[in-house]
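Chemist: model this:
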Amino acid sequence: LCESGIVEQVVRDIEMLGADVQIVLGGDIQVLATWDQIDDIANVDGVLRLSVPRVATAKETTSEGVDAIFANSDWHSQGLTGDGVRVGIVDIGFEGYKALLGDELPTSVNIDGLRDDWDYDDHGTAVAEIIHDIAPEAELFFYSFETEMEYRNLILGLADSGEVDIVNGSIGFDNVWHADGTSPYAQVVDELEASGVFYVAASGNEGGSYVSGELTDVDGNGWI
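Modeler: Here you go, the predicted structure:
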């Protein structure tokens, strides 16, 4: 994090140290650096704080849910198959997807959005299988990311490009911000929605871990 108004100078100074500036979003800068460069980067004028990047956590997937979802109405028999709809799947990895093409996945998928490390986790592959089960004629676009800034940059890019109609993000950044819509993650989704793209988020995985309502110190010990 650096001071606003001097971001470009901070970026130049960091690059002069030999570090790789990867993403700049406002005053947030993602840098790939060696441990030996950390102290020098911290001493760059305008740098306010250094931290390791936050990474998303995958949310549990269950692919055999078509019968339950269609329990009251078989959408496929009504011609609702996803034909003409472009669905972007934003996830941390798509390991094993190639073996499923033409079977559990469409014959082809768009992989232009995959990073070099897309194959270290298969969560996105499982999510794509579910979407293909529900909307077998939808066109699927795969996007992988690792850090919080890569996620934000990716979502903003999709808002600008108009490449997809729907984005599915079965991921989350747990316990790193208030869950009231003010987080940087929520704000980029707001921008995506404003561009006309519908965003689908995982919801309910930690339903048993949270409560809402008025806080009450029932035993008066100062702790809730």
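Chemist: residue ranges of the strands in this protein, please?
Modeler: 20-25, 28-32, 57-58, 86-91, 110-113, 139-144, 166-169, 171-172, 198-201 (DSSP state E).
Chemist: Quick one: those as a markdown table, columns for distance to D13 too.
Modeler: For glycine as for every other residue, the C-beta is placed from the backbone atoms N, C-alpha and C. Output for the strands of the chain, formatted as a markdown table (distance: least, Cβ to Cβ, whole Å):
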| stretch | distance to D13 |
| --- | --- |
| strand 20-25 | 10 |
| strand 28-32 | 11 |
| strand 57-58 | 34 |
| strand 86-91 | 32 |
| strand 110-113 | 31 |
| strand 139-144 | 31 |
| strand 166-169 | 34 |
| strand 171-172 | 33 |
| strand 198-201 | 36 |
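Chemist: just so I know, which of the ones you listed lies nearest S4?
Modeler: The closest of those to S4 is strand 28-32. By Cβ to Cβ, the value is 10.6 Å.
Chemist: What score does S4 have for pLDDT?
Modeler: For S4, the model assigns a pLDDT of 81.
Chemist: ignore the last one, V176
Modeler: 81.
Chemist: so what's it up against?
Modeler: By Cβ atoms under 8 Å, 6 or more residues apart in numbering, the contact list for V176 reads 54, 148, 183.
Chemist: try it again with 6 Å
Modeler: R54 (Cβ atoms under 6 Å, 6 or more residues apart in numbering).
Chemist: rank the strands of the chain by mean pLDDT and give me the bottom one.
Modeler: strand 57-58 has the lowest average pLDDT among the strands of the chain, namely a mean of 77.
Chemist: Ok, which of the strands of the chain comes nearest Y210?
Modeler: Nearest of the strands of the chain (Cβ to Cβ): strand 171-172, 12.1 Å.
Chemist: ok, and what's touching that closest one?
Modeler: With Cβ under 6 Å, 6+ apart, strand 171-172 has contacts from 56-58.
Chemist: May I see those arranged in CSV, with neighbour count as well?
Modeler: Listed next are those as CSV, based on neighbours: other Cβ atoms under 10 Å:
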residue, neighbour count
A56, 22
T57, 15
A58, 19
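Chemist: so what pLDDT did the residue nearest the centre of the chain get?
Modeler: Residue closest to the average C-alpha location in the chain (Cα atoms, centre = their mean): Y151, at 4.7 Å. Y151 is assigned 95 on the pLDDT scale.
Chemist: any idea what sits nearest it, other than its immediate chain neighbours?
Modeler: F145 (5.0 Å; Cβ to Cβ, 6 or more residues apart in numbering).
Chemist: next one: E150
Modeler: E150 sits nearest to I23 (Cβ to Cβ, 6+ apart), 6.6 Å away.
Chemist: how about the CA coordinates for stretch 30-47, as CSV?
Modeler: The C-alpha trace of stretch 30-47 is given here as CSV (Å, rounded to 0.1, in the frame of the first residue of the first chain):
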residue,chain,number,x,y,z
GLN,A,30,1.2,-6.3,-6.2
VAL,A,31,5.0,-6.9,-6.4
LEU,A,32,6.9,-10.1,-7.0
ALA,A,33,10.2,-9.7,-5.0
THR,A,34,12.9,-11.7,-3.3
TRP,A,35,13.2,-11.7,0.4
ASP,A,36,16.5,-9.8,0.0
GLN,A,37,14.5,-6.9,-1.6
ILE,A,38,11.8,-6.6,1.1
ASP,A,39,13.6,-4.1,3.4
ASP,A,40,14.6,-1.9,0.4
ILE,A,41,11.0,-1.9,-0.8
ALA,A,42,9.8,-1.0,2.7
ASN,A,43,12.1,2.0,2.7
VAL,A,44,10.9,3.4,-0.6
ASP,A,45,9.4,6.9,0.0
GLY,A,46,5.6,6.7,-0.1
VAL,A,47,5.3,3.0,0.8
